[in-house]
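1. Provided below for reference: sequence and predicted model.
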Amino acid sequence: MYKLILVALLALFSQASEWTIQEGVIQAHTEVFGDSDINPATTQISSQLHHDDSGLESLRGEVKLDSMSLKSDTPKRDLNMYELLNTAVHPTITFDMINVLKNDENYTIEGYLTLNGIKKKITSQAVVEQNNSELKLNGAFDILLTDFGMEPPTLLFLTVRNKIDITYTLSYTKEP
């Protein structure tokens, strides 16, 4: 009996594909009304994904980044961004992938984004490509700062836009 259970478990686990991130970039975009664009980005991303033999629709996993790794072209502005993101209390931003749906040539990725200690379900449109031992995800979604308990900062007559556009390019390799 134990041998049968062991064989069944080995068969189950041998059918899963584990993916480790090799490189990637996550970029945010917003604007200061009447002034300029703000485009912080990071390449310091940790992530592990997996799927079974049923295909990319079974893709699940987590993407994580340290909020302090986000950098724009203005270090002084970055300090204000870290304060807004409440990095002293919530230093990590995570995305837990829970569902992947195929749409024509693209995919809809659903998951939970945790930012500023608040977890919200989001949907992203992405191009997902798999070639043997490589997996690439290129996608985008947007959020509202107010949905995550943050008020857009203002200075005199300048206000940061509430909507943040997020783009990502993530490249993975299959674990042997």
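-> Here it is on my side, so go on.
2. quick one, helices of the chain?
-> Using DSSP state H, the helices of the chain run over residues 2-14, 75-84.
3. Out of those helices, which gets the lowest mean score?
-> Ranked by mean pLDDT, the helices of the chain bottom out at helix 2-14, with a mean of 43.
4. In the chain, what helix or strand scores lowest on average pLDDT?
-> Using mean pLDDT, DSSP states H and E, the weakest-scoring helix or strand in the chain turns out to be helix 2-14, at a mean of 43.
5. In this structure Thr30 contacts Asp165, no?
-> Yes. In this structure, Thr30 is within contact of Asp165 by CB atoms under 8 Å, at 7.1 Å. Heads up, the C-betas are built off the backbone N, CA and C, glycines and all.
6. These two: who's more crowded?
-> Legend: neighbour count by other CB atoms under 10 Å for Thr30 and Asp165, higher for Thr30 (19 against 15).
7. how about that one, what does it touch?
-> Asp37, Ile38, Val160, Arg161, Lys163, Ile164, Asp165 (CB atoms under 8 Å, 6 or more residues apart in numbering).
8. and it, how far is that from Thr42?
-> According to CB to CB, to the nearest Å, Thr30 and Thr42 sit 15 Å apart.
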